[in-house]
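# Below is the sequence, then the predicted model.
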2 protein chains.
Amino acid sequence: MNLKEIGEFGFIDRIAARTTSGRGVVFGIGDDAAAIVTDPGLQTLITADMLVEGVHFDLSFTTPTELGSKSLAVNLSDIAAMGGKPRFALLSLAVPPGLSLEFLDAFMDGFISRAGRYGVALIGGDTCASRTGFVVSVTLLGEQRPDRVIRRSGARAGDRVYVTGTLGDAALGLELLRRGERNGAAVNRHLDPLPRTEAGQALTEAGVPTAMIDVSDGLLSDLGHILRQSGCGATLALDRLPLSAEYLNRIGEMSHDRFALALSGGEDYELLFTAPAGREAELFDLFAHLTLAVTPIGEIVSCPSLKIFAPDGTPYTPKSRGFDHFC
Amino acid sequence: MNLKEIGEFGFIDRIAARTTSGRGVVFGIGDDAAAIVTDPGLQTLITADMLVEGVHFDLSFTTPTELGSKSLAVNLSDIAAMGGKPRFALLSLAVPPGLSLEFLDAFMDGFISRAGRYGVALIGGDTCASRTGFVVSVTLLGEQRPDRVIRRSGARAGDRVYVTGTLGDAALGLELLRRGERNGAAVNRHLDPLPRTEAGQALTEAGVPTAMIDVSDGLLSDLGHILRQSGCGATLALDRLPLSAEYLNRIGEMSHDRFALALSGGEDYELLFTAPAGREAELFDLFAHLTLAVTPIGEIVSCPSLKIFAPDGTPYTPKSRGFDHFC
């Protein structure tokens, strides 16, 4: 069977048949719009991300299942960074003529399996042709109590800066993939990142972070958003950055600067947050329960600039500040 | 100033500066997700549409302002078809290297002006690079009381089938544009369609329609959705189809079959709905107040097939049943 045989509406029916209803879903795929009911007293959080072939992914080394999973993961990461609980997703696909039904089925395997694991109901979207590459556009809705939503703007002088997991692995993985490698943790971090959904909710429920963002464009770029929106600055100690064994082993092949990808490589999808220094013991406890690493990497200061210190204590100037689609 | 100079985040700031807050918007552009509060007791309606260069639009005859306006209009039409009131929009753009900041500013003029006229707040989205064409993906949220939401599945034998406005003009307009014409009502219908938002809400508030859809893929395709989902059939009288003077004047240049584009041309964005025959006087009254044409074009029958009758009363077989992206 191919896509032309089943047609656009056959393909939509094929997706609809695989979706399950969920709490709050009045009706999903199959009408002009989906209808949901949100819980009273909660704020609805909404994010959208578009993934474009040749820009965000390369089909020569990404499987369709990984791509389906990742296209939801990057949105899950945004909801996690607000401390939200993910609920409903819309998926729009622009499909080039050469793409097979098998490819799309495998893509949906990845998407739906990830949605199921995170309690997300696929409720709608759009399908259309593309003259050129494959384009995926996802909208994700989540929810949280108003007093628990964490923004980028709440960092205050004296707060510590923390990051979950390790930094730079996804960017390293992309470089390795471009060089023909297909295995290893870093490669997997790029192909199928793990959003920190559980950690984001645990943090907000504990009321610890003052500001939070996910590391999608690179640490410096994303920390920059927190600093700009909080109207403050920070100091960052490079010897504190959490780097994986694979990163430390392989970074020398990519750059003379062993911090380069950890500072400005994108797509780690770790949580970067600030919290009062007095809450650190509580924080370590919380992350011990999550079995996830959390590392203090700097301090928030009132002077609105970012000062980075090399391991020898001297000031450090980064070559790149992170990813910008238009520069 | 160009896009490279201001960068992705400069461009996002530029859009954010033009958005206004609205009722229910806790915060919009500028964080990992937007936050909204929906009205208690109402259902949230959500739709998404993607517009791809070379498939949905041709930049050689569409201005960026028209495209910005249309990309919201096609989503407004979906919310109108549910009887919903539009509220919040997310806009994602994949921007090819050649596109200027002037183009994007003009695109945003069209989008924001349409949003303002329909009471829609732009609260988020995504911006990224495209290696190939310009891609626009819009998600629109609306709302309605649960008892007033109109689905595709409620048509019953004995109902009449109605359509607003006129049919086939947008498809005629596209043909005229391809032949080099740049003016006229049909051309405008294609370039900047008018969603029937007011009519959709008035219809649902009067409690008249049993089923409703917007005509986006062509009358036969969209009526087919109502019939399939309502588990019934219909008769359709071609001499009842509402056709504009321009359509009647020009259709002969496009097709020997003067009903061809009215039946299977897409993008009219009129409302197609069914209602009990006994409500017709009330319906005509309602549309007189809206100063919009409404025309009964057929009847719902229990036998699940569509029978079309030519003006001479003989059965008519259409050449095409409407637009399918994958066929």
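Right, received. Where do you want to start?

# Check the spacing between residue A:303 and residue A:278 real quick.
Distance, residue A:303 to residue A:278, by C-beta to C-beta, to the nearest Å: 22 Å. To be clear about C-beta, it is placed using only N, CA and C from the backbone, and glycine gets the same treatment.

# do the same with residue A:325
Residue A:325 is 39 Å from residue A:278, by C-beta to C-beta.

# What ranges does chain A have for its strands?
For chain A, applying DSSP state E gives strands covering A:25-27, A:34-36, A:43-52, A:85-95, A:121-129, A:135-144, A:159-164, A:211-214, A:233-237, A:271-276, A:294-301, A:306-309.

# The last one: which residues count as buried?
Read that as strand A:306-309. A:306, A:308, A:309 (16 or more other C-beta atoms under 10 Å in any protein chain shown).

# does any part of that strand sit near chain B?
No - applying C-beta under 8 Å from any C-beta of the partner chain, one finds strand A:306-309 separated from chain B by no less than 15.4 Å.

# which residues are contacting that strand?
Identification of contacts with strand A:306-309 by C-beta atoms under 8 Å, 6 or more residues apart in numbering or on different chains yields A:220, A:223-224, A:227, A:233-238, A:263, A:301, A:315-318.

# Please enumerate the helices of chain A.
Along chain A, counting by DSSP state H, helices occupy A:3-16, A:64-81, A:101-117, A:169-178, A:185-191, A:197-206, A:219-230, A:245-254, A:260-264, A:280-290.

# Now mean pLDDT too, for those, in TSV please.
What follows is the helices of chain A, written out as TSV (pLDDT from 0 to 100):
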stretch	mean pLDDT
helix A:3-16	90
helix A:64-81	98
helix A:101-117	97
helix A:169-178	97
helix A:185-191	96
helix A:197-206	98
helix A:219-230	97
helix A:245-254	96
helix A:260-264	96
helix A:280-290	97
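
# Turn those helices into TSV, columns for mean neighbour count and distance to chain B.
TSV is the format used below for those (neighbours: other C-beta atoms under 10 Å in any protein chain shown; distance: least, C-beta to the nearest C-beta, whole Å):
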stretch	mean neighbour count	distance to chain B
helix A:3-16	16	5
helix A:64-81	26	4
helix A:101-117	19	9
helix A:169-178	23	16
helix A:185-191	21	17
helix A:197-206	20	10
helix A:219-230	21	7
helix A:245-254	16	22
helix A:260-264	25	14
helix A:280-290	14	20
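
# So for residue B:106, which of the ones you listed sits nearest?
helix A:219-230 (27.8 Å; C-beta to C-beta).

# tell me the contacts of the residue of the stretch 201-327 of chain A found nearest chain B?
Nearest to chain B, among the residues of the stretch 201-327 of chain A, is residue A:325, at 4.3 Å (C-beta to the nearest C-beta). Going by C-beta under 8 Å, 6+ apart, residue A:325 touches A:55, B:8, B:95, B:127, B:128, B:129.

# which one of those residues has the most neighbours?
Within the contacts of residue A:325, most neighbours by other C-beta atoms under 10 Å in any protein chain shown means residue B:95, with 25 neighbours.

# doesn't residue B:126 make contact with that one?
No - Residue B:95 is beyond contact range of residue B:126, at 10.9 Å (criterion: C-beta atoms under 8 Å).

# Including distance to residue A:74 and mean pLDDT, could the strands of chain A go into JSON lines?
Conversion of the strands of chain A to JSON lines gives the following (distance: least, C-beta to C-beta, whole Å; pLDDT from 0 to 100):
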{"stretch": "strand A:25-27", "distance to residue A:74": "23", "mean pLDDT": "96"}
{"stretch": "strand A:34-36", "distance to residue A:74": "21", "mean pLDDT": "97"}
{"stretch": "strand A:43-52", "distance to residue A:74": "5", "mean pLDDT": "98"}
{"stretch": "strand A:85-95", "distance to residue A:74": "12", "mean pLDDT": "98"}
{"stretch": "strand A:121-129", "distance to residue A:74": "16", "mean pLDDT": "96"}
{"stretch": "strand A:135-144", "distance to residue A:74": "8", "mean pLDDT": "98"}
{"stretch": "strand A:159-164", "distance to residue A:74": "16", "mean pLDDT": "98"}
{"stretch": "strand A:211-214", "distance to residue A:74": "9", "mean pLDDT": "98"}
{"stretch": "strand A:233-237", "distance to residue A:74": "25", "mean pLDDT": "97"}
{"stretch": "strand A:271-276", "distance to residue A:74": "14", "mean pLDDT": "98"}
{"stretch": "strand A:294-301", "distance to residue A:74": "21", "mean pLDDT": "98"}
{"stretch": "strand A:306-309", "distance to residue A:74": "25", "mean pLDDT": "96"}
